[in-house]
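# sharing a model prediction with you, sequence too.
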Amino acid sequence: LLVQNGEGRKVAYFFAFFMLVSAGMAIGRGTADAMFLKRLGIEYLPLMYMVQSVVLSVVCLAYTAFADRIIAEKFFRTIFLVLVVLVFGAWLGMTITGSRLTYPAYYLIYEVASEILLVHAALYMNQNMTTLQAKRLTPLVFGGAQAGTIFGGLLLAFAAPVTGPKNILIVWCLLLLVCTVLLFAWHKKHGPSKYYRAPSRSRHIVRESVDQVRQGMRYTWSSGLLRAASASMFFMVIAFYVLCYSVNRVYSNTFPTENELAGFFGSLTAATSTIALIAQIFITGRVINRYGVRRVNLVFPMTTFAALGGLAGSFTLPFALLGSLNKDSLMPAFRNPVKVMFYNVIPDYMQGRASAISVAVILPAAMFCCGLMLMIMQRLENPLYFLLPGMAASALYLFFNTRMNHAYARTLINTLK
């Protein structure tokens, strides 16, 4: 497992921590998707992509302003407690009012939280591991996340048909509270994040926060690696959300009720996460060590193109399952660990801002474009009208990943010098 002497407790902690976080996120994802698709309908999903892009941009810009000013574990505790309040409030709204507006609001809560947590998880690991440690241990730690997703998916699969999806939101709240306690206990015993460097204090917090965002934007534009990564992410997001919309459209047509759809999402999540877990623990680290980060960086763009091509040939349940396998197994197994390693060569003081800028600006812009395109194209009967643009986006994603590889090599050489 590539764990060296003296790293066992740290690896066990990160494995358990991300397992609990991901178990809650699996519950949130399955319940949010099932209730939204059945209470509102697949035709509203492109509109939600557009709304989500605006909300995500605002939230992530606020996150970017403070990402490097607050130590990662303290920021994590704040995120968890805010999320508990929002999820519990959504459950109360569903239970007491029964308003249809509660379901898109809950969908947005999950989607925005999932992006923020993914970005902050990478920052948290970078503040607690060296570059070489991250290269060896990131696949194993993300394996813990997949183990949690399996647990959350199985819980949803068995409980949703009995209790209904909305009542499982309470379990997500409890998991978030357990994560908060575990985080506090670890750092109370082992001290703050080892590689965090606090910026100088100032009374002009608002002005300096705005400067943090500006610096992140300027650095992104000046860095060849981040420029290529930004273009790559733009087209990846379009291809990814076309794939998400496509498979959800197939699933929504296949499963008639909310409880059945939620149970299916739970089973699907458990299955795809099991595959991802096996890959992350036993395959990803060794593949990266043997073939290098840059070659592995090309895997997910190629499989995404193939998944969209399969759906273009046959818009049916078997090819939708292959699409889910791509986005839910291959993405966490190969794309996410590689992304963390690419950002590891960026200076420590800029990592939080740089990664958050991509989520605050690039991702929302791509989502808005994708949502607008899907809103127009879904009115046409043939799925090819949105699958072909998705395939074109995945081809451009592959192209800019090759540019990113060259920029990564140059950045790494300059860093070593």
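Right, received. Where do you want to start?

# surely T131 meets P347?
No - T131 is not in contact with P347 according to Cβ atoms under 8 Å; the separation is 11.8 Å. From N, CA and C alone the C-beta is placed, and that goes for glycine too.

# surely N401 and V299 touch.
No - with contact defined as Cβ under 8 Å, N401 does not reach V299; the gap is 9.6 Å.

# neighbour count winner among the two?
Taking neighbours as other Cβ atoms under 10 Å, N401 and V299 compare with N401 leading, 25 against 19.

# name the helices or strands packed onto the helix or strand where that one lies?
Using DSSP states H and E, the element containing N401 is helix 384-416. Packing partners of helix 384-416 (3 or more Cβ pairs under 8 Å, 6 or more residues apart in numbering; DSSP states H and E): helix 224-254, helix 293-296, helix 299-313, helix 363-377.

# what's the angle between that helix and helix 363-377?
Here helix 384-416 runs at an angle of 170 degrees relative to helix 363-377 (axes from the mean of the first three to the mean of the last three Cα atoms, to 10 degrees).

# quick one: helix 384-416 to helix 224-254, angle?
Orientation check (the same axes, to 10 degrees): helix 384-416 against helix 224-254 gives 150 degrees.

# now do helix 384-416 and helix 299-313, the angle between them.
Using the same axes, to 10 degrees: helix 384-416 against helix 299-313 is 180 degrees.

# excluding sequence neighbours, find me the nearest residue to S22.
Excluding its sequence neighbours, the residue lying closest to S22 (Cβ to Cβ, 6 or more residues apart in numbering) is G148, at 3.4 Å.

# I meant to write L384 there.
A312 (5.8 Å).

# OK, contacts around that neighbour?
Shown in contact with A312 (Cβ atoms under 8 Å, 6 or more residues apart in numbering): 383-384, 387-388, 391.

# got it, and F334?
F334 touches 279, 284, 287, 296, 299-300, counting by Cβ under 8 Å, 6+ apart.

# same thing but 6 Å
296, 299-300 (Cβ atoms under 6 Å, 6 or more residues apart in numbering).

# again, but for G285
2, 139.

# per-residue confidence at it?
pLDDT, G285: 80.

# which SS state does it fall under?
helix (DSSP: H, G, I helix; E, B strand; the rest coil).

# so where's the stretch 101-250 of the chain uncertain?
Counting by pLDDT under 70, the ranges of the stretch 101-250 of the chain that qualify are 197-213.

# where do the helices of it begin and end?
Taking DSSP state H, counting those that start in this stretch to define them, one finds helices in the stretch 101-250 of the chain at 102-126, 131-163, 169-190, 205-222, 224-254.

# how about those helices in CSV, adding mean neighbour count?
Output for the helices of the stretch 101-250 of the chain, formatted as CSV (neighbours: other Cβ atoms under 10 Å):
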stretch, mean neighbour count
helix 102-126, 21
helix 131-163, 22
helix 169-190, 17
helix 205-222, 15
helix 224-254, 22
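
# identify whichever of those helices lies nearest to M341.
helix 131-163 (5.8 Å; Cβ to Cβ).

# skip the chain neighbours and tell me the closest residue to L156.
Nearest non-adjacent residue to L156 (Cβ to Cβ, 6+ apart): G266, at 3.2 Å.

# ok, the one you found - contacts?
Here G266 is in contact with 30, 153, 156-157 (Cβ under 6 Å, 6+ apart).

# remind me which helix or strand it belongs to.
helix 258-279.

# cool, and T78?
helix 72-92.

# for L56, see how far away the residue nearest to S22 is.
Separation of G148 from L56 (Cβ to Cβ, to the nearest Å): 23 Å.

# show me which residues of the helix holding G266 are buried.
258-259, 261-277, 279 (16 or more other Cβ atoms under 10 Å).

# can you give me the mean pLDDT across stretch 341-361?
Stretch 341-361 comes out at a mean pLDDT of 70.

# can you give me the end-to-end distance of it?
21 Å (Cα to Cα, to the nearest Å).

# contacts only, for A157.
Contacts of A157 (Cβ under 6 Å, 6+ apart): 263, 266-267.

# apply 8 Å and report the result again.
If you count contacts by Cβ under 8 Å, 6+ apart, A157 has them with 263-264, 266-267, 270.

# wait, isn't the residue nearest to S22 in contact with V21?
Yes - at 6.6 Å, G148 and V21 qualify as touching, with contact defined as Cβ under 8 Å.
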